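Undergrad: Only the shape, not the letters, is given here:
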């Protein structure tokens, strides 16, 4: 029996139901004897047959037949409104499909984990319109459903960024742990991300003169400095702790404390000028910063060679230390010399010579070759040998 058919489609969207009725036109009944034009015929209890007597399957919904219910090839009008999971794709969606729900992107840190010698700023960023909440004490930041920071969480301000300085770091080891999440109303907060930062005082260095061996003897006033700067707010000064010719190296509580920078042997410096071979050890310290690495430096001072008179000098001449050894004044040295062309040598005993004679000495007549060497007391190095031929 052929009659008007009604197809009912239930579309669900956000809990609401909508019913659409599609009317199909009445179809004329088939004659019991089949159609003369070859259209299918049907017996009372059998399948339809065509004019040649072959069977034509009607199919059911599960096989995709003409009377299917839409689960395997249903009405195209229905397919235009139903999503892959049966929902109304035009009415609903999750965050990934552009709807109102979803998860906010995890904040980006710039810079990421690092160690620095001075205060610096960290920039945070996430999705447009999102609020970033952070902590610097190792706790987890939180936010409300409305996207506002809660509890001890701090709201990120792009204008001021996140300052990493001695007020937020551990006072002794200089470490700060920055944890951040991003939040927005109607969305799931981002996963939390943590970065660790360390402030450490820059290792002090000695200048004027730079460290070296066999520096010409004189009274030097070396300067020691660290490139870490003192803070003004709060007022945290960089200090340097120094030991001279002493082990073990200093800490931030042992040794001699000096300002940064300090010139030894000048003004109120508690450490004298450099006048003998010296080993210095130093460490830089500041509240809220990790101490610097320990700095060690050695200086070796060599006496200046005696300044013999030129070879054109008329003989006889008397060679005295006060006249020809002025650059070593105050060192406690003595002069050994020869007048027979052999090499003058110093003795370890003060005022003595292994070869030659201690000055003063007189050169009466030439030709003669004079050698002279400045002999060092403990803590200095003997000079090079001076040689002059006189006629």
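TA: Received it, and whenever you're ready, just let me know what you need. Owing to the predicted nature of the structure, the values given are computational and were not obtained by experimental measurement.
Undergrad: Could you pull out the strands in the stretch 151-300 of the chain for me?
TA: 154-155, 162-164, 175-183, 193-199, 205-207, 212-216, 223-225, 231-232, 235-236, 239-244, 256-259, 262-263, 278-285, 295-302 (DSSP state E, counting those that start in this stretch).
Undergrad: residue contacts, the residue most central in space within the chain?
TA: Geometric centre of the chain, nearest residue: residue 114, 2.3 Å, by Cα atoms, centre = their mean. Counting by Cβ atoms under 8 Å, 6 or more residues apart in numbering, residue 114 touches 197-198. In short, each C-beta sits where N, CA and C put it, glycine included.
Undergrad: low-scoring stretches of the stretch 1-150 of the chain, by residue?
TA: 1-101 (pLDDT under 70).
Undergrad: mind putting the strands of the stretch 151-300 of the chain in CSV, mean pLDDT and distance to residue 340 included?
TA: Below are these laid out as CSV (pLDDT from 0 to 100; distance: least, Cβ to Cβ, whole Å):
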stretch, mean pLDDT, distance to residue 340
strand 154-155, 98, 86
strand 162-164, 97, 73
strand 175-183, 98, 71
strand 193-199, 98, 67
strand 205-207, 91, 44
strand 212-216, 85, 29
strand 223-225, 95, 47
strand 231-232, 80, 68
strand 235-236, 82, 67
strand 239-244, 95, 43
strand 256-259, 94, 51
strand 262-263, 94, 47
strand 278-285, 95, 38
strand 295-302, 94, 26
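Undergrad: Could you dump the ones you listed into CSV with mean neighbour count added?
TA: Formatted as CSV, the strands of the stretch 151-300 of the chain follow (neighbours: other Cβ atoms under 10 Å):
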stretch, mean neighbour count
strand 154-155, 14
strand 162-164, 20
strand 175-183, 23
strand 193-199, 19
strand 205-207, 16
strand 212-216, 13
strand 223-225, 20
strand 231-232, 14
strand 235-236, 13
strand 239-244, 21
strand 256-259, 16
strand 262-263, 20
strand 278-285, 23
strand 295-302, 18
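Undergrad: The ones you listed into JSON lines, with extra columns for distance to residue 107?
TA: Converted to JSON lines, the strands of the stretch 151-300 of the chain look like this (distance: least, Cβ to Cβ, whole Å):
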{"stretch": "strand 154-155", "distance to residue 107": "13"}
{"stretch": "strand 162-164", "distance to residue 107": "11"}
{"stretch": "strand 175-183", "distance to residue 107": "4"}
{"stretch": "strand 193-199", "distance to residue 107": "6"}
{"stretch": "strand 205-207", "distance to residue 107": "38"}
{"stretch": "strand 212-216", "distance to residue 107": "50"}
{"stretch": "strand 223-225", "distance to residue 107": "38"}
{"stretch": "strand 231-232", "distance to residue 107": "27"}
{"stretch": "strand 235-236", "distance to residue 107": "29"}
{"stretch": "strand 239-244", "distance to residue 107": "37"}
{"stretch": "strand 256-259", "distance to residue 107": "40"}
{"stretch": "strand 262-263", "distance to residue 107": "43"}
{"stretch": "strand 278-285", "distance to residue 107": "33"}
{"stretch": "strand 295-302", "distance to residue 107": "38"}
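Undergrad: Of all those, which one is nearest residue 125?
TA: strand 175-183 (8.8 Å; Cβ to Cβ).
Undergrad: For the closest one, name the packing helices and strands.
TA: With contacts taken as 3 or more Cβ pairs under 8 Å, 6 or more residues apart in numbering; DSSP states H and E, strand 175-183 sits against strand 131-135, strand 142-143, strand 162-164, strand 193-199.
Undergrad: Recalculate using a threshold of 6 Å.
TA: strand 131-135, strand 193-199 (3 or more Cβ pairs under 6 Å, 6 or more residues apart in numbering; DSSP states H and E).
Undergrad: tell me the angle the shortest one makes with strand 175-183.
TA: Pointing back at strand 131-135 there. Between strand 131-135 and strand 175-183, the angle comes out at 150 degrees (axes from the mean of the first three to the mean of the last three Cα atoms, to 10 degrees).
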